[in-house]
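1. the sequence isn't on hand, but the structure is:
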Ligand code: TYM
């Protein structure tokens, strides 16, 4: 006799900001994982556009960036039949729960966030309250879907820990309401570093465009950036402490080829950094080529994009509203009669 499989698939939630360029760091640290997890888990993905306005945006560019990011993520392999994929601002439960969670988050906790410290130093003329309370919105994103796992790069670990603390606090004050989420951080690619300063993470806000590779960069640009990547004076392709530039390039090569560090060291035994950098560049170009081709198709099809994000928002609303209603009831709000 067949037994019914009643085990609930674990839930995965993750999001990315549509703030212009999506970098190889975003892709290897987070997106690539999202795609692989879709069969095994119940996945929900979002473009975190509410987070993006913590930094001033030009309205027309912002609209363009959101649609570009949506098309690009589909091109990376998000399958909207399996995984609802929506735009955060189109699902009102996020802002609502974020407000409630703000009231269960301490000033001191938010003040300790390294990203807040970095960003407020970078945008000293606009240290707005949204930048400060950004982690409670991120907690709302995750907790609304009762996520078990959150695939992110290492830079988001601190925000994840705060989300857990907020969830535990709320559960403790009332009764179990939120699933406590775990970060899902890849072994390789968790922290892709700048090609120009490998002690800093690769970031689209890098003033030097040669520091980061964008997923939509042209092959010639990708090759140029890798050829100019900072290495060291040892001229030996091996992974070791202090060899930040080489470690970073090996990490990238490993992510796109699936080779281990030992295999990479063997492949480049007796060869110089010139050959190595060209090989990394070519492997990245080949890895990104099919994504760029699919992106070109999706980005032309605005009706299809609209259908996908509308459908995603409807599904996301229906799931997240269940959690929000529970939370509101527990806090003591009067139930809505309409
Ligand atoms: P964002 O948009 O800055 O980055 C998206 C994802 O890319 C990862 N990442 C990197 N990974 C490795 N190396 C790098 N150099 C690198 N740069 C970025 C990030 O860790 C992230 O996983 N606050 C989030 C977006 C967000 C979110 C959420 C994420 C909003 N709500 C809920 C998870 C769950 C952010 O700004 O990511």
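-> Cool, the structure landed. Everything numeric here is computed off the predicted structure, so don't read it as measured data. Numbers count the residues shown, from 1 in each chain.

2. for residue 191, give me phi and psi.
-> The phi/psi pair for residue 191 (degrees, to the nearest 10) reads phi -140, psi 90.

3. my read: it touches residue 30, true?
-> No - using C-beta atoms under 8 Å, residue 191 is not in contact with residue 30, being 11.4 Å away. Using the backbone N, CA and C atoms, a C-beta is placed for each residue, glycine as well.

4. ok, these two, which is more surrounded?
-> residue 30 (25 against 17; other C-beta atoms under 10 Å).

5. so what sits against both of residue 191 and residue 30?
-> Common neighbours of residue 191 and residue 30 (criterion: C-beta atoms under 8 Å, 6 or more residues apart in numbering): residue 153.

6. now stretch 98-114: mean pLDDT?
-> Across stretch 98-114, the average pLDDT comes to 97.

7. for that stretch, which residues meet the burial criterion?
-> Residues of stretch 98-114 classed as buried by neighbour count (16 or more other C-beta atoms under 10 Å): 98, 100, 101, 102, 104, 105, 110, 113.

8. keep those, but drop any that are not near the ligand.
-> Among these, not one lies near the ligand by C-beta under 6 Å from any ligand atom.

9. and the two most separated of those?
-> 100 and 113 (19.4 Å; C-beta to C-beta).

10. looking at the buried residues of stretch 98-114, which are in helices?
-> 98, 100, 101, 102, 110 (DSSP state H).

11. among those, which one lies nearest to the ligand?
-> Distance to the ligand across these (C-beta to the nearest ligand atom) is lowest for residue 98, with 10.1 Å.

12. tell me the contacts of the closest one?
-> Contacts of residue 98 by C-beta under 8 Å, 6+ apart are 133, 136, 137, 139, 140.

13. list buried residues within the residues you listed.
-> Among these, those classed as buried by 16+ other C-beta under 10 Å are 133, 136, 137, 139, 140.

14. distance to the ligand and secondary structure for those residues - can I get that in TSV?
-> Shown next, in TSV, are the buried ones among the contacts of residue 98 (distance: C-beta to the nearest ligand atom, whole Å; DSSP: H, G, I helix; E, B strand; the rest coil):
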residue	distance to the ligand	secondary structure
133	12	helix
136	11	helix
137	7	helix
139	8	helix
140	9	helix
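
15. having no further points to raise, I will conclude here.
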